[in-house]
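Enquirer: Generate a structure from the sequence data that follows.
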Amino acid sequence: MDKILEGLVSSDHSVPVKRAIVKKVVEAAEKEVTEEQCHALFTLTTRLILLGEDAFQRQIGIQVLEAYARYHRPEFEHFFTKDFALTLLQQGYAHLDRKDPAVIDYIHCCLRLLISCPSVLEIFGVIQVEVLRMVCERPEPALCAHLSCLLSDFVQCLPRDKSGVLFCQQLVRTISYFHCFASQEQELREYVGQVTKVSTLLQNIWKADPATLLPSLQEVFAIISSTDSSFDPSIALASLVQHIPVQMITVLIKSLTTDNNVKDASMTKALCRMIDWLSWPLAHHVDTWVIALLKGLAAVQKFTILIDVTLLKIELVFSRLWYPIVRQGALAVLSHMLLSFQHSPEAFHLVVPHVVHLVQSLRTDGLSTSKAFLLQFTELIHCMMYQYSGFPDLYDHILEAIKDLPKPEEEKIKLVLNQSAWTSQSNSFASGPLKQLGKSETGKTGLVNLGNTCFMNSIIQTLFMATDFRRHVLSLHLNGSNTLMKKLQLLFAFLAHTQRAAFAPKTFLEVSRPPWFNAGSQQDCSEYLRFLLDRLHEEEKTIQVLESVKPKMASLVDTNGKEPTAQSSPEVAEESSLTPAEMKPEDDGRTLTEKMFRGKLITGIRCMQCNCISEKGEPFTDLSLAFCPSATSQGSPQPEGPSEEPKGLCQGSVNGGSEISEPGPAPAPAPASNINDVPVANEPPLSVPDLVNYFLAPEILDEDNAYFCEKCSSLQRAERTMKVVSAPEYLILTLLRFSYDAKCHVRRKILDNVTIPPLMRLPVHAPSMPTQCSSSSSSPLQVDSPESSENLAKKLKPSRKEEEEEEKERIHGAEEMNGDDEILSVPYVLSSVVMHSGISSESGHYYSYGRNINGADGTQHTANHLALKEDLGNGQGECSLSTCSALPIPPEQRDTVSNGGQEARDWLLFNDSRVTFTSFQSVQNITDRFPKDTAYVLMYRKQELPGENINRGLVANGMRPSAEPPLQKELLDAIIKDNKLYLQEQELNARTHALQAPSSSSSFRPNGSDDNNPPGSCGPSGGGGGGGGFNTISRLVF
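Expert: The predicted structure follows:
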């Protein structure tokens, strides 16, 4: 039979004839055949299978072999022995190399025919040894794929125990040597299929024997972390990722990132190669593992690796977005890399040139998934352009390309950026001090207490939360100047964009501290605020004077026939622009401080003998509001004011009164809505409008304080009135809570509770020209008159009897003084409150509450709109317009605020380095909970009435930027430099702690609700240890 078959194969008959004869040979297998004939047939068919000239010969060999082996199994068992199998695996067959896949396929076929024979067990043992040897020889993908098929069908051939672990490790390493140099799609498909078979074998082994999984993964990491430049592992290793249980991510990433034996260079290589795996078409979960490793490295502060890898691989990841089969995973990794890389725009700007082309491709590729993918991609681009604004030359063409696509809300963008930063990653892999990283959930930056500097920190945060002022400061073009405004601009830029949880304002403290403030001592925050605003104002005035000289000099040079120059000197050029870019066309000569904070008071004195009136205008940056004598001392009579307010009205000096001359810090009142802390029984608590009305109330000048009337040429009884004629954009109110005790010779703090209205209206008189006696003109921004060092609240008030006697004269005089003045009731909304915690002016702690609000925000909230419309638009009488009063909040809006609605999270608590969400209810009730914590400095923002522009063109003139200005290059460079330094500091700290065994447990105070405990005291560690601080040893306690 073998002779017939051999002759048939070599004959020149047609294929159909040959197939018919072969069929007869196969059918003859059922008949009895001698052992010699069987052996001859097996030898011939083996030769045809392994050495056949074409597929037809190999097919004939397989058909005949299977037929005769099935019917003559004992004879085939004697033919295919373990020795024959060993010879094939070690030496091949004739001229066929042992590494040819045909050898493995032949053995695979023979094993299927012998599966029920006892001798197959011996063959399995031989194969177990030989496959391990073969894998160690790094076979080609084709041979490895055929071997994987054999082992998948006959798991008995797999090495066991330690040999099994070694086999898996060597098979992993073999995969790393797989490379495909084909360019045709069919060849690529074959290659991917071969790799898939090998990875599937490993998956089956891991499932059957879990003990082999971890050593295999360790081998994977050893391969991809190799720094040997001569070896570049194949991305085919990506095929293994989908077979690793996702539940192992946390354990494996922790093991990798906390292993001190893994060098940075190795980790960098490993991460880069894992990112390369995104190119593997059929791998699942590669993006999950890559992002997990990126987060793990961020959690242990290995920022150098993250920076290097991001800059090296970001363009490659972006290029994967062009391929639909891998683009979804690539977008996930790209999003994480870009959103977390927040210290610099460098990574984003590497991919910016390719964005428009990708958008155009996604619009036209016709795939059903491209539209949804485009929306995800454009959302990412919007987030990045928001994070790094200020590059219109780079972004204009992008905005044009995506202008018709939806843009995410600003709040969503902020949330995404805040959650994605490296410093916000959960540090569950570390312990002790390493857990301090990351900003609070507010996304705001705290200020480090540099040693009793809470007075400065609270003021800086208050000014920063003055939205319009902050935006104007950040939009100034200072061109490298070294002014105080430049330092403030840089500080604001850091507060807005730093990755630090808390920033240390050392430089600003040095340049802004008043000369009489002793370093390290507690100071008055109100005094510091006045000094700071005055410095900014005077500095800008000086620069304006220098600017005014330039045109004259240029004109003079031009008349002499010389070419005019644009700048008179480099120094002047550096400090020549202190105005926002949008305000360059028309400037009224006012400084930014004047535009934002200056108002104007007119003090009028009427002689009660001749009714002669003298008026004097005084600008102010803050109103210092004294407490009524009846509210601060028991038993003293309570004076009546001219209005219908139930409270006695107090009066304080402009620009702070007695606070300027007294060195200690000035604490503050506390907001409360229902509880009365005033000593007078059954007396409702004072409110801020009460104190403002008391400040503006008429005052009788008599006896020792009599007024010298020029017309009468003698001391006369007189009435002094004060009225606001120009309302500032930001109204700063200082509550004078410190009174001098003459008996004990100490300054005591007034702890009376004061209700703080969220909405308030201020009476503003239209200025009129005086017609009687003399009138002095306005004085400079800060007025230091002889009266400014004493508390005007101590001046005499008329008695009840005297008031009754002179009531008619007073009304008549008031009509003369007011004339036909128009009174505007200007609405204000609360922006910030600085609190003082303590019982004396020489100790305690400052912290502040604030919210982002601009001039239009008052009408954007339903509650505010209704309050303004109903209270100001219902035809109220002139009497109510002449007094300061709180504006009510509708009940439904009041419930929203008190029950934790949206506005309940509008407020923030700034306590040095600690920043937390809070609510307005907490602001109002702080003194109820902590009696020593009282409001001291309040800032209100002037609002526009619905349908009315009360600000007289300021909006049109650009006084209110509607969005945060883009960072100028100089500021951006400084922030990038500091962010890199910060990441390096954190990485160094993490490595230091990792090398040191913890000697003791370390605890920290979490950022809990501010309602639970008092905000804390002042000290080098910062009140309350904000930002996750741990050093609380040097904290001062009052």
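Enquirer: Do you have the strands of the stretch 401-550 of the chain handy? List them.
Expert: 446-447, 502-503 (DSSP state E, counting those that start in this stretch).
Enquirer: per the record, what domains does the protein have?
Expert: Residue ranges for the domains of the chain, per the TED database: 242-424, 439-545+591-598+729-760+823-854+904-945+968-989.
Enquirer: Could you identify which of those domains is most buried?
Expert: domain 439-545+591-598+729-760+823-854+904-945+968-989 (a mean of 21; mean count of other Cβ atoms under 10 Å). From N, CA and C alone the C-beta is placed, and that goes for glycine too.
Enquirer: for the record, mean pLDDT for it?
Expert: Averaged over domain 439-545+591-598+729-760+823-854+904-945+968-989, pLDDT sits at 87.
Enquirer: What is the end-to-end distance of that domain?
Expert: 17 Å (Cα to Cα, to the nearest Å).
Enquirer: what do you get for stretch 143-161?
Expert: 24 Å.
Enquirer: Compare the strands of the stretch 401-550 of the chain and report which one is nearest to Cys884.
Expert: Closest approach to Cys884 among those (Cβ to Cβ): strand 446-447, 32.3 Å.
Enquirer: what residue ranges in the stretch 301-450 of the chain score low on pLDDT?
Expert: Flagging of the stretch 301-450 of the chain using pLDDT under 70 yields the residue ranges 390, 423-438.
Enquirer: circling back to that earlier point, Throw the strands of the stretch 401-550 of the chain into JSON lines and include distance to Ser831, thanks.
Expert: Output for these, formatted as JSON lines (distance: least, Cβ to Cβ, whole Å):
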{"stretch": "strand 446-447", "distance to Ser831": "18"}
{"stretch": "strand 502-503", "distance to Ser831": "21"}
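Enquirer: Could you check which helix or strand contains Val198?
Expert: helix 185-208 (DSSP states H and E).
Enquirer: On the C-terminal side of that helix, identify the next helix or strand.
Expert: helix 213-224.
Enquirer: so what secondary structure elements neighbour the helix or strand immediately after that next one in the chain?
Expert: The helix or strand immediately downstream of helix 213-224 is helix 249-257, counting by DSSP H and E. The contact analysis (3 or more Cβ pairs under 8 Å, 6 or more residues apart in numbering; DSSP states H and E) places helix 249-257 against helix 286-299.
Enquirer: Could you identify the helix or strand that succeeds the helix it packs on?
Expert: helix 303-319.
Enquirer: and that next one, how far from the chain's centre?
Expert: Remark: helix 303-319 is offset 20 Å from the chain centroid, using Cα atoms, centre = their mean, to the nearest Å.
Enquirer: Could you figure out how far that helix is turned away from helix 249-257?
Expert: 120 degrees (axes from the mean of the first three to the mean of the last three Cα atoms, to 10 degrees).
Enquirer: Can I get helix 303-319 as CSV, trimmed to CA atoms?
Expert: The C-alpha coordinates for helix 303-319 follow below in CSV (Å, rounded to 0.1, in the frame of the first residue of the first chain):
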residue,chain,number,x,y,z
PHE,A,303,6.8,64.1,39.9
THR,A,304,10.1,64.0,38.0
ILE,A,305,9.1,60.8,36.3
LEU,A,306,5.6,62.1,35.5
ILE,A,307,7.0,65.3,33.9
ASP,A,308,9.6,63.4,31.9
VAL,A,309,7.2,60.8,30.6
THR,A,310,4.5,63.2,29.8
LEU,A,311,6.7,65.5,27.7
LEU,A,312,8.3,62.5,26.0
LYS,A,313,5.1,60.6,25.2
ILE,A,314,2.2,63.1,24.9
GLU,A,315,2.6,63.5,21.2
LEU,A,316,2.6,59.7,20.6
VAL,A,317,-0.5,59.3,22.7
PHE,A,318,-2.2,62.0,20.7
SER,A,319,-1.2,60.3,17.4
